[in-house]
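A.B. asks: coordinates only, sequence not included:
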């Protein structure tokens, strides 16, 4: 899933990431903050990166 997110497919993932970013909460930031140090999604904004981590984690959980 990380590979799909990194590709940022304009038709599929960009809208999903934008939506997930728009609904980020302080709780999301708390549980995802530690993943930022991994370095994935370099060059993206902090909130874009948090959304990029949240999306696959939540899909896997469901």
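C.D. replies: Received it, and whenever you're ready, just let me know what you need. Computed from a predicted model, the values in this text were never measured in an experiment.
A.B. asks: Helices of this structure, start to end?
C.D. replies: 2-7, 13-22, 26-32, 46-61 (DSSP state H).
A.B. asks: TSV please, covering those helices and showing mean neighbour count and distance to residue 38.
C.D. replies: Yep, even glycine has a C-beta here, placed from its N, CA and C like the rest. Below are the helices of the chain laid out as TSV (neighbours: other C-beta atoms under 10 Å; distance: least, C-beta to C-beta, whole Å):
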stretch	mean neighbour count	distance to residue 38
helix 2-7	13	10
helix 13-22	15	17
helix 26-32	12	11
helix 46-61	17	9
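A.B. asks: what's the closest of those to residue 40?
C.D. replies: Nearest of these to residue 40, taken as C-beta to C-beta: helix 2-7 at 6.5 Å.
A.B. asks: isn't residue 50 right up against residue 29?
C.D. replies: Yes: using C-beta atoms under 8 Å, residue 50 is in contact with residue 29, at 6.2 Å.
A.B. asks: Among the helices of the chain, which one carries the weakest average confidence?
C.D. replies: Here the lowest mean pLDDT among the helices of the chain goes to helix 2-7, at a mean of 69.
A.B. asks: Enumerate every residue touching the residue nearest in space to the middle of the chain.
C.D. replies: For the chain, the residue nearest the mean C-alpha position is residue 52 (1.3 Å; C-alpha atoms, centre = their mean). By C-beta atoms under 8 Å, 6 or more residues apart in numbering, the residues touching residue 52 are 5, 6, 17, 40, 41, 44.
A.B. asks: The same query, at a cut-off of 6 Å, please.
C.D. replies: 5, 41 (C-beta atoms under 6 Å, 6 or more residues apart in numbering).
A.B. asks: Start at 479, not 1
C.D. replies: Understood, numbering begins at 479; the last thing we discussed is residue 530.
A.B. asks: Can you report how many residues lie near residue 513?
C.D. replies: 16 (other C-beta atoms under 10 Å).
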